[in-house]
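Colleague: heads up, no residue letters with this:
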């Protein structure tokens, strides 16, 4: 049987007066700004490093694109021979494979979707299968009438609760307040 270990309580500094709370809030603001500055420095360092490697890969990307196009041109010109008269979609060349795959069909619209919907509706019953209606629950309406909504099995209206926030002033605002 495993015994549960007691967790040590975390020591938290608690202000004992309004003045201490004011000082603690100013300190909190400074710490948060320090964190923000460090995160900004980190993001800049990451962006610089990323740009360095992007610049280094550009010639390689161009070479890879040219090699791909050359292979595709050769394989398309010799497809019948490579695939044994289209018996296979994949060919092993010893150092790698090349293959041909059909892309799935897709539907796209010219113009506005609402105009296409109107044309489908006007076209008649034969085309009605191309349209669907969605039914969804209106939560905003339930919040407007919570007493009625609670009567529905499976619906629960909960309180939004309360959130404690701390918004320290910026250094400039602290200087003005002093």
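Modeller: The structure has been received and is ready for your questions. Since we're looking at a predicted model, the values are computed, not measured.
Colleague: now stretch 11-25, how far from the chain's geometric center?
Modeller: Relative to its chain's centre, stretch 11-25 lies at 39 Å (C-alpha atoms, centre = their mean, to the nearest Å).
Colleague: Report the buried residues of that stretch.
Modeller: Within stretch 11-25, the residues that count as buried by 16 or more other C-beta atoms under 10 Å are residue 25. The C-beta positions use only the backbone N, C-alpha and C, and glycine is treated the same way.
Colleague: can you list the residues that contact that stretch?
Modeller: 166, 168 (C-beta atoms under 8 Å, 6 or more residues apart in numbering).
Colleague: can you give me the mean pLDDT across it?
Modeller: Per-region confidence: stretch 11-25 scores 93 on mean pLDDT.
Colleague: Next: stretch 107-126.
Modeller: pLDDT averaged over stretch 107-126 gives 88.
Colleague: can you list contacts of that stretch?
Modeller: With contact meaning C-beta under 8 Å, 6+ apart, stretch 107-126 is reached by 127-128, 130-131.
Colleague: For residue 97, state which of these is nearest.
Modeller: residue 130 (39.4 Å; C-beta to C-beta).
Colleague: What sits closest to the closest one if chain neighbours are left out?
Modeller: residue 120 (5.3 Å; C-beta to C-beta, 6 or more residues apart in numbering).
Colleague: In which helix or strand does the nearest residue to residue 86 once chain neighbours are set aside reside?
Modeller: Using C-beta to C-beta, 6+ apart and skipping residues adjacent in sequence, the residue nearest residue 86 is residue 80, 6.8 Å away. Using DSSP states H and E, residue 80 maps to helix 79-82.
Colleague: What values do phi and psi take at the residue nearest to residue 97 when sequence neighbours are not counted?
Modeller: With sequence-adjacent residues excluded and distances taken as C-beta to C-beta, 6+ apart, residue 97 is closest to residue 90, at 5.6 Å. Phi and psi for residue 90, reported as degrees, to the nearest 10, are phi -120, psi 140.
Colleague: Please tell me how far residue 90 sits from residue 42.
Modeller: Residue 90 sits 45 Å away from residue 42, going by C-beta to C-beta, to the nearest Å.
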